[in-house]
Structures are given as C-alpha cells and as structure tokens.
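# For reference, the sequence and a predicted model appear below.
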Amino acid sequence: MLVPTGKLRAWLSKLKNNNAQGEYYLTDIVAMAVQDGLNVHTVQPSKRWEVEGINNKSQLAQLERIWQQVVADKLLGQGVTLADPSRLDVRGELTCGRDVEIDIGCIFEGNVTLGDRVKVGAYTIIRNASIGNGTQIAPYTHIDDSQVGADCHLGPYARLRPGSKLADDAHVGNFVEIKNSQIGRGSKANHLSYIGDSTVGSRVNIGAGTITCNYDGANKHRTIIEDDAFIGSDTQLVAPVTVGKGATIGAGSTITKDTPAGELTLSRSKQLSIAGWQRPTKVKK
C-alpha cells in the first residue's frame, strides 16, 4: 500500500480491534480514505504469488522457491542449459551469454556475468564476478569479487578471493587459492597452492604446494613472478621478492631474495643418510 504520510498518521490513530481476533487491520484505512473523499486506486498483480502473505519461515521458503523458479524459467527462455531448474539460487543479477551450462546446486550472488559457452560445475558459488567466454568451472569452486578471462579452467575446489584477475587461458586447479593477484595469460597453478598479493606473468608454471608468503604479521608484501618462469613444487616465495623472466626455482626451495632471469635458483639443505639409525619403537605399558 502507498499512502500519504499525513493522512496515514490520522487513520492509524482511528483503527479499532473490535473483531473476533482482536487485531488491528491496516486495510481498514481504505474505508477511511473513501470517507475522506480520497481516490483509491488498485493494481492487479500479474501472478498470485506477488501478493502472497508471509507469516512464518515455511511460507518464506516456499515463496523463495517460487521466485527462483521464475528466474530459472527466464534463463531457460534465454537458451541457458540448467541441469535442474529447481536446484538453482540467484541472489542478485545473473547475465548469461549464449550456450551457457549450469549444473545443480550453484549459487550466484550480486552482479554476475557469464560469457558465451561458459560451463559452471555443480555446487559452485560465484559472487560479483565476470567470467569470460569458453571458461570451464569445475564443481565446488568459489569465486568472489574477481575477473576471469576467456578459456580458463578453474577447480574443482578452487577459490578466487576478492581482487583476483585471471587472463585468458589461465588454469587454477584443485585446492588452489588466489587472493588479490593477477595471473597472466596461459599461466597455471594446478594443485594445492596459495597465491596472494602477487603479479604472475604469462606462461608461468606454479608447482604443487607453492606458497607466496605475503604477510609478515603486520603488513602485506607483493610477489612478482615474470613471464615464462617455472616454480618447482613445495616452494615458499617470501615477499617482497621477484622471480626473473624465464627463471626456474628448484622444488623445495625457500626464496627470500630476487632471482635472476633465465637461471636455476634453489635453496635446500644437504641430503644425508645416517647408517645404522633405528626408528624408535613403541614402549609397551
């Protein structure tokens, strides 16, 4: 109801609860408006659910599913493939290009744009993000306030936190977390890595278990990995640090200083084998 504020104050003070339920009904002000000579206009809803009352959580949930079905029908009408229209949640504005496919249980929040031929795997959550043409997102991936280029591969179980930007053909694999970082064209971080506050160039390979150590306990620092670098598995890059163009970092290294372009850099303790050493045995109690 849209009611003139001044009139509403006067009418509310006149409401009575002399009915079987002992309740005050806002609709009684319509008769008061007629008595005061005001014009009363009505609007007919196009759908019954638009004026459904909500008195408990069950009714709220039912109306939410009705609304989500409306959204799903709109997407289907635009040519979007939904694996199951009843298992979709759009909590904002979802814009889809041509031939988009969305699997079950996906949640879209805020403003989300999916380009042409994007495939979104099951139980993916995307919030305030744009996804480029041809990108494939595997199940259980989380994308938040980020930009993803064309023909990228994400997940499963990948996480893009706010400020992440992936160029075309980038790969972010299972259990990889990206935060406030730029990943260049054709670069890959396929397994179990954390890339935070970093600038990664093009065609960089980041091995499994790599961590950019960006936080010193008080301040954040930036890691720069230039084009064509190769980062071996289980590497710690202690920021601020720069890995030069085409450089290779040996697996298991902790890098605290800038590394020269085109060269191999590694830091490992010497491997030792101790003859005659015996593993401790459990003492029986």
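Looks like it arrived, so ask away. Residues are numbered from 1 along each chain as shown.

# what about the stretch 101-250 of the chain, any weak spots by pLDDT?
Judged by pLDDT under 70, the stretch 101-250 of the chain has no weakly predicted residues.

# and the nearest residue to D258 once chain neighbours are set aside, what element?
Closest residue in space to D258, ignoring its immediate chain neighbours: T242 at 4.5 Å, by Cβ to Cβ, 6 or more residues apart in numbering. In this view, the C-beta of every residue, glycine as well, is placed from N, C-alpha and C. T242 is part of strand 241-243 when elements are defined by DSSP states H and E.

# For beta bridges, what are the partners of H171?
H153, K188 (DSSP bridges).

# make that R159, sorry
H142, E177.

# just checking, it touches I137?
No. Counting by Cβ atoms under 8 Å, R159 does not reach I137; the two are 11.8 Å apart.

# Identify the contacts common to those two.
I143 (Cβ atoms under 8 Å, 6 or more residues apart in numbering).

# that older thread, can you pull the contacts of the residue nearest to D258?
By Cβ under 8 Å, 6+ apart, the neighbours of T242 are 223-226, 258-259.

# residue boundaries of the helices in the protein?
In the chain, the segments counted as helices under DSSP state H are 5-12, 29-35, 57-77.

# What average pLDDT does the shortest one get?
Put plainly, it is helix 29-35. Helix 29-35 carries an average pLDDT of 95.

# Return it as CSV; C-alpha atoms alone will do.
C-alpha atoms of helix 29-35 as CSV (Å, rounded to 0.1, in the frame of the first residue of the first chain):
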residue,chain,number,x,y,z
ILE,A,29,-7.8,2.6,6.3
VAL,A,30,-9.3,2.1,2.8
ALA,A,31,-12.8,2.8,4.1
MET,A,32,-11.4,5.9,6.0
ALA,A,33,-9.9,7.2,2.7
VAL,A,34,-13.2,6.8,0.9
GLN,A,35,-14.9,8.7,3.7
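
# buried set for that helix?
By 16 or more other Cβ atoms under 10 Å, the buried positions in helix 29-35 come out as 29-30, 32-33.

# Same check on stretch 156-173?
When burial is assessed from 16+ other Cβ under 10 Å, stretch 156-173 yields the following buried residues: 156-161, 163-173.

# Quote the end-to-end distance of that stretch.
End-to-end distance of stretch 156-173: 6 Å, with Cα to Cα, to the nearest Å as the criterion.

# Out of the buried residues of helix 29-35, flag the one nearest to L75.
Ranked by distance to L75 (Cβ to Cβ), the buried residues of helix 29-35 are led by V30 at 38.7 Å.

# re the thing from before, of all the contacts of T242, which comes closest to V100?
Closest approach between the contacts of T242 and V100, by Cβ to Cβ: I225, at 32.3 Å.

# Could you double-check that the closest one lies in contact with N205?
No. Taking contacts as Cβ under 8 Å, I225 lies outside contact range of N205: 10.0 Å.
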